[in-house]
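J.: please find the sequence and the predicted model below.
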Amino acid sequence: MSKAIEAKGLVKRYQTKERYGFFKSKVEVVEALRGVSFTVNYGEIVGLLGPNGAGKTTTIKILSTLLLPDEGEAYVAGYNVVKEPSEVRKHIGLMLTVERGFYGKLTGRENLEYFAALYGLEREYAKKRIDYLIKLLELDKLGGDYKLFEEFSLGMRARLSLARALLSNAPVLLLDEPTLGLDPPSARRIRELVKNLAHEEKKAVLYTTHNMFEAEIVCDKILLINKGVIVASGTPGELKAKLPKLKVLILSLYGQSVENLQRTLGDLGLKHEISSELNIHTVRIHVQRPEDIFNDLVKKLVSSGFELLSARIEEPTLEDVFIYFSEGYL
Ligand SMILES: Nc1ncnc2c1ncn2[C@@H]1O[C@H](COP(=O)(O)OP(=O)(O)O)[C@@H](O)[C@H]1O
Ligand SMILES: [Mg+2]
């Protein structure tokens with residue numbers, strides 16, 4: 001079977017006008033995608049994983065024909081996104097993070113009925129499909145049959161949005177951060193469903209997220225994207241195997257200043273990452289043999305006024321892989 005999604009060298013530039021003074025403005029060009037290529041097969045969930053501003057939404061918008069690429073080409077279900085946009089639209093289910101188009105004064109069911117009519121679905125089919133989807137997303141249990149959309153929680157809105165993406169039973173699903181900001185049960189339900197859709201119903205899913213944990217548990221394959229470039233790809237396991245043989249030494253420290261901590265670690269030439277909450281700092285250090293540096297390091301930290309609360313050694317996570325590939329960090 002042909003590929004469900006094929007992106008070849010996609011480039012997208014945005015022009016933004018920045019006004020300064022009364023009459024002056026300068027045009028700035030943001031290169032959101034800088035030659036993005038990948039494929040997605042039917043039956044597979046491919047995760048586009050990257051931080052804010054990496055180019056995830058731009059990619060989804062190009063594949064769903066909402067934006068035109070400046071360079072490169074893309075095919076969805078075999079159709080060219082620039083030359084055959086209406087065919088592409090017939091073959092995709094789209095879920096965007098910021099949902100527009102739902103009617104506040106209609107119930108969840110009524111909204112779906114509206115969209116089913118808009119998509120030209122046959123009435124009997126639509127009715128059955130809507131019943132099915134409302135149950136599938138547990139919207140009935142949450143009051144989706146009588147609550148107005150404007151009364152929906154974020155989790156219910158996301159569920160309704162996924163239900164809408166599934167209305168026409170399209171073979172290719174484009175889901176842009178579908179669980180962003182959701183309550184854990186809604187996020188879990190959506191992840192489970194997406195897995196079933198790909199693995200049981202053989203749909204092709206492109207799933208964007210900035211959450212490593214989520215990418216690892218949901219996706220069969222991951223594309224790491226940073227600043228408009230895919231910096232690495234593979235299964236979660238393959239990505240981790242691409243790292244040089246490093247361990248992560250994780251220290252939890254109590255003490256006054258982060259700057260002081262950064263300086264002490266920098267002086268020792270250790271590549272590190274610090275996250276702090278109040279006066280408790282968690283330091284992740286990438287080294288080949290943590291046991292070789294441990295004693296010296298702790299001595300230095302203690303003499304700089306830090307108290308060691310805990311220490312452990314872990315295998316690198318997907319996040320370490322990401323930092324390694326996108327920042328050239330290690
Ligand atoms: N409409 C727009 N106008 C100007 N710049 C934009 C626009 N949309 C996105 N960008 C910029 O393009 C880059 C990629 O954005 P986006 O695709 O939304 O990333 P992501 O979804 O990964 O957070 C960012 O630098 C963003 O600021
Ligand atoms: Mg986005």
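T.: In hand now; what should we look at? Ligands and ions are numbered 1, 2, ... in the order given.

J.: what about Pro290, distance to Ser303?
T.: Going from Pro290 to Ser303 by Cβ to Cβ, to the nearest Å gives 20 Å. Bear in mind the C-beta positions are built from the backbone N, C-alpha and C, glycine included.

J.: tell me which of these two has more neighbours.
T.: Higher neighbour count among Pro290 and Ser303: Pro290, with 20 against 9, using other Cβ atoms under 10 Å.

J.: which residues touch the more buried one?
T.: Contacts of Pro290 were listed using Cβ atoms under 8 Å, 6 or more residues apart in numbering, and they are Lys247, Leu249, Ile313.

J.: if you rank those by neighbours, which is first?
T.: Going by other Cβ under 10 Å, Leu249 tops the contacts of Pro290 with 22 neighbours.

J.: for that residue, what are its contacts?
T.: Residues near Leu249 by Cβ under 8 Å, 6+ apart: Arg284, Ile285, His286, Val287, Pro290, Ile293, Phe294, Ala311, Arg312, Ile313.

J.: which of those residues sits closest to ligand 1?
T.: Closest approach between those and ligand 1, by Cβ to the nearest ligand atom: Arg284, at 23.7 Å.

J.: quick check, that closest one in a strand?
T.: Yes: counting by DSSP: H, G, I helix; E, B strand; the rest coil, Arg284 is found in a strand.

J.: sec struct for the residue nearest to it when sequence neighbours are not counted, please.
T.: Computed as Cβ to Cβ, 6 or more residues apart in numbering, the closest residue to Arg284 that is not its neighbour in sequence is Glu273, at 4.7 Å. With three-state DSSP as the basis, Glu273 sits in strand.

J.: what about Glu273, how many neighbours?
T.: Neighbourhood size, Glu273 [other Cβ under 10 Å]: 17.

J.: ok, it touching Ile323?
T.: Yes: with contact defined as Cβ atoms under 8 Å, Glu273 reaches Ile323; the gap is 7.0 Å.

J.: rewinding a little: what's the pLDDT at the residue nearest to Arg284?
T.: With respect to pLDDT, Glu273 scores 85.

J.: ok, it to ligand 1 distance?
T.: Glu273 sits 21 Å away from ligand 1, taking Cβ to the nearest ligand atom, to the nearest Å as the criterion.

J.: then Asp140?
T.: Separation of Asp140 from ligand 1 (Cβ to the nearest ligand atom): 32 Å.
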